[in-house]
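> Would you be able to build a 3D model of this:
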Amino acid sequence: MARDYKKEYENYQGKPEQIKNRAARNKARGLLAKAGLVKKGDGKDVDHKRAISKGGSPTARSNLRVTTASDNRSYPRTSTGAMKKNT
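You can find the predicted model right below:
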């Protein structure tokens with residue numbers, strides 16, 4: 001089945017909260033790019049040590065680290081995309 005990107009954007013990605021979160025993620029990546037730790041197309045993600053959804057600072061350098069994309073995206077997630085609580 002083909003993915004309905006227009007509907008997905010209207011229902012999720014276009015929401016003000018998601019736009020704000022995306023802007024914070026882009027800003028964090030920009031900070032580490034200026035520091036020379038990441039670059040476009042390198043296959044690395046900027047990870048927040050304490051997740052933004054858990055009260056972590058989105059742009060504080062002390063809360064950011066560089067990880068591989070597979071490591072950063074392997075955490076169990078809820079239906080909203082937030083990390084699940086450890087049990």
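> wait, doesn't Arg77 sit right on Ser53?
No. Using Cβ atoms under 8 Å, Arg77 is not in contact with Ser53; the gap is 10.1 Å. The way it works is simple: take the backbone N, C-alpha and C, and place the C-beta from them, glycine included.
> mind listing what Arg29 touches?
Residues near Arg29 by Cβ atoms under 8 Å, 6 or more residues apart in numbering: Val38, Val46.
> Quick check: which element contains it?
helix 16-34 (DSSP states H and E).
> where does that helix sit relative to the chain's centre, distance-wise?
Its chain's C-alpha centre and that of helix 16-34 lie 8 Å apart, by Cα atoms, centre = their mean, to the nearest Å.
> which sections of the protein are below the confidence cut-off?
86-87 (pLDDT under 70).
> how about the strands of it, start to end?
Using DSSP state E, the strands assigned to the chain run over residues 44-48, 64-68.
> Just name the most buried of those.
A comparison of those by mean neighbour count, using mean count of other Cβ atoms under 10 Å, puts strand 44-48 on top with a mean of 18.
> any residues touching that strand, and which ones?
With Cβ under 8 Å, 6+ apart as the contact definition, strand 44-48 has outside contacts at 25, 28-29, 32, 38, 56-58, 63-69, 71-73.
> Touching both of Arg77 and Ser53, which residues are there?
By the contact definition Cβ under 8 Å, 6+ apart, Arg77 and Ser53 are jointly contacted by Met83.
> can you pull the contacts of the residue nearest the centre of the chain?
Compute the mean C-alpha point of the chain, and by Cα atoms, centre = their mean the closest residue is Arg25, 5.3 Å away. Listed by Cβ under 8 Å, 6+ apart, the contact set of Arg25 reads Val46, Pro58.
> quick one: it and Val46, what's the gap?
Between Arg25 and Val46 the computed distance is 7 Å (Cβ to Cβ, to the nearest Å).
> try Gly56
12 Å.
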